[in-house]
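Chemist: Model the structure of this input:
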Amino acid sequence: MKQITATGQTVDEAVESALAQLNTTKDRTEISIIDEGKKGVFGIFGARPAVVKVSIVIDPIEEAKKFLQQVTENMGVTADIQVTIQGKNVEFNLSGEKIAILIGKRGQTLNSLQYLTQLVANRFSEQFINIIVDAENYRGRRKETLVQLAGRLAEKAIRTKQDVPLEPMPSYERKVIHTALVSNRKVKTYSSGADPKRHIVISPVK
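Modeler: As a prediction, the model looks like this:
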């Protein structure tokens with residue numbers, strides 16, 4: 001966190017001096033008054049300047065967006081990034097040309113981008129922020145695919161009366177599978193293994 005100490009004849013003047021030096025605005029800083037100062041007699045004798053400490057508050061969402069922009073550019077992709085904030089959930093939606101590069105095979109590149117972006121955001125945040133990185137609604141299409149896959153594999157588990165393990169998935173994709181089959185009383189689902197190889201197993205109810 002960048003911060004400086006500034007002085008002035010009044011607290012307001014000291015704050016303005018600090019803001020000018022930091023090249024920022026008041027709403028993006030934290031201000032601590034070290035000394036309110038003293039005018040003194042006739043404004044001269046016993047006068048003491050006001051002293052303040054002003055710190056720049058880093059916006060974790062802005063830092064995350066900046067990181068994501070830089071990484072995509074380094075990958076040779078110029079992406080437009082739209083940000084949607086709902087409480088502690090923040091979604092970055094990428095669009096533009098060559099977007100398939102950012103998605104990767106079965107969304108693996110997109111998942112890595114999401115993981116790294118979440119690390120950056122929470123490095124600067126006092127409260128946990130859940131980051132979602134999407135690319136032209138890939139997450140929505142992937143969810144539909146996973147729901148259909150869950151249905152087919154559940155039928156296989158029932159038919160063969162054997163456990164059916166799925167491929168390793170990130171936690172939110174595993175949640176899609178769990179949710180899709182929660183009302184199916186003929187099977188149960190559970191997660192097995194450790195990340196990054198943690199996966200779901202669909203098991204027939206005996």
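
Chemist: make it CA atoms for all contacts and neighbour counts henceforth
Modeler: Noted.

Chemist: Residue 120 and residue 128: what is the separation?
Modeler: 11 Å (Cα to Cα, to the nearest Å).

Chemist: What of residue 106?
Modeler: According to Cα to Cα, residue 106 and residue 128 sit 27 Å apart.

Chemist: who's more crowded, residue 120 and residue 128?
Modeler: The neighbour count for residue 120 versus residue 128, taken as other Cα atoms under 10 Å, is higher for residue 120 (20 against 13).

Chemist: thinking that one is in contact with residue 65, fair?
Modeler: No. Taking contacts as Cα atoms under 8 Å, residue 120 lies outside contact range of residue 65: 9.4 Å.

Chemist: Show me this protein divided up by domain.
Modeler: Domain assignment for the chain by automatic domain parsing gives 3-56, 60-136, 141-204.

Chemist: Next up, identify which helix or strand the residue nearest the centre of the chain is on.
Modeler: For the chain, residue 131 is the residue whose C-alpha lies nearest the centre (Cα atoms, centre = their mean; 3.0 Å). If you go by DSSP states H and E, residue 131 is part of strand 130-135.

Chemist: Quick one: list the elements packing against that strand.
Modeler: strand 89-95, helix 99-103, helix 108-123 (3 or more Cα pairs under 8 Å, 6 or more residues apart in numbering; DSSP states H and E).

Chemist: Which neighbouring elements make contact with the shortest one?
Modeler: With contacts taken as 3+ Cα pairs under 8 Å, 6+ apart, helix 99-103 sits against helix 108-123, strand 130-135.

Chemist: what would those look like in TSV with distance to residue 91?
Modeler: Output for the helices and strands packed on helix 99-103, formatted as TSV (distance: least, Cα to Cα, whole Å):
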stretch	distance to residue 91
helix 108-123	10
strand 130-135	5
